[in-house]
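1. starting from these lines, generate the structure:
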Amino acid sequence: MAQFINIHPKNPQPRLLTQVVDVLREGGVIVYPTDTTYGLGCSISSRKGVERIQRIKQQASSHQLSILVSDLSDIARYARVDNATYRLLKRFLPGPYTFILEATREVPKTILPKRKTIGLRIPDHPICLELLKSLGEPILSTSMRFAGETEILSDPYIIHTRTDHLVDLVIDAGLLPASPSTVVDLTGPTPEVLRAGAGDPTVFT
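-> Predicted structure coming up:
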């Protein structure tokens, strides 16, 4: 059965954060809050965690997942970023955007689709940022939505009920909006909005 932990969304308790980080370091899969929706995630180094997420979401191994980092300085390790791109990222992150970038060799091959790109974001949420800082590596993430369903789950109690035997831990940080991040592809000559979500997409058009 999954642990169910209530963590204050603005002033997360360090003791509880440590408990969550321990689960991630052991290769576990968690449900956690971001600045947009609840996410389903594991540490980037947990191959078994990645495989579990793909089974839970019924996704092919080629499906592109997102990497969450805590700081812009971490992005250059996992994605190829020139000066112009860095300035753009600095303008919009942390925030409700996922940016598609060319991946570096630091990204495990097991999570890369054939295109060799990765979605990167820095969520503007205290719990998520503190988890990333304490973990010391990115969290591989996808939205809390099951295959064949259009609705993203936003109530932690419903999430816990539906994932109780699928994940190791669920964080209760209250109700969240059911709007995912806006996805912007930066691999071409100009930014291309692939999905309009919580972040204003018109700034890229």
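
2. just the pLDDT for Lys57.
-> Model confidence at Lys57, expressed as pLDDT, equals 89.

3. what is the neighbour count of it?
-> The burial count assigned to Lys57 is 17, neighbours taken as other Cβ atoms under 10 Å. In short, each C-beta sits where N, CA and C put it, glycine included.

4. that one and Glu149: what is the separation?
-> Relative to Glu149, Lys57 is positioned 11 Å away (Cβ to Cβ, to the nearest Å).

5. just the helices in the protein please.
-> For the chain, the helices defined by DSSP state H occupy 14-25, 47-57, 72-78, 83-92, 126-135, 156-163.

6. just list the residues touching Cys42, thanks.
-> With contact set as Cβ atoms under 8 Å, 6 or more residues apart in numbering, Cys42 has these partners: 24, 27-30, 49-50, 52-53, 139-140.

7. again, but for Val183
-> Under the criterion of Cβ under 8 Å, 6+ apart, the contact list for Val183 reads 97-100, 119, 193-195, 197.

8. just to revisit the earlier point, Thr202: which of the helices of the chain is closest?
-> Proximity to Thr202, assessed across these by Cβ to Cβ, is greatest for helix 83-92 (12.8 Å).

9. list the helices and strands that closest one packs on?
-> The elements that helix 83-92 packs onto, with contact taken as 3 or more Cβ pairs under 8 Å, 6 or more residues apart in numbering; DSSP states H and E, are helix 72-78, strand 97-102.

10. next, count neighbours for Leu175.
-> Other residues near Leu175 number 11, with proximity taken as other Cβ under 10 Å.

11. measure the nearest residue to Ala196 once chain neighbours are set aside to Gly27 for me?
-> Taking Cβ to Cβ, 6 or more residues apart in numbering as the measure, Ala196 lies nearest to Thr182, with 5.7 Å between them; neighbours along the chain are not counted. Distance of Thr182 to Gly27, computed by Cβ to Cβ: 31 Å.

12. which one's more surrounded, the two?
-> Neighbours of Thr182 and Gly27, each counted by other Cβ under 10 Å, are more numerous for Thr182; the result is 24 against 16.

13. contact partners for the more buried one?
-> If a contact means Cβ under 8 Å, 6+ apart, then Thr182 has 96-98, 193, 195-201 as its contacts.

14. quick one: contacts for the residue nearest to the spatial centre of the chain?
-> Note on the chain: the residue nearest the mean C-alpha position is Ser141, at 3.4 Å, using Cα atoms, centre = their mean. Contact criterion Cβ under 8 Å, 6+ apart gives 34, 39-41, 65-68 as the residues in contact with Ser141.

15. same check, this time on Leu140
-> If you count contacts by Cβ under 8 Å, 6+ apart, Leu140 has them with 41-44, 46, 49-50, 53, 65-68, 111.

16. is it in a bridge, and if so with what?
-> In this structure, Leu140 has beta-bridge partners Cys42, Ile67, where bridges are defined by DSSP bridges.

17. quick one, grab the pLDDT at it.
-> Leu140 carries a pLDDT score of 95 in this model.

18. how close does it get to Ser179?
-> Leu140 sits 21 Å away from Ser179 when distances are taken as Cβ to Cβ.
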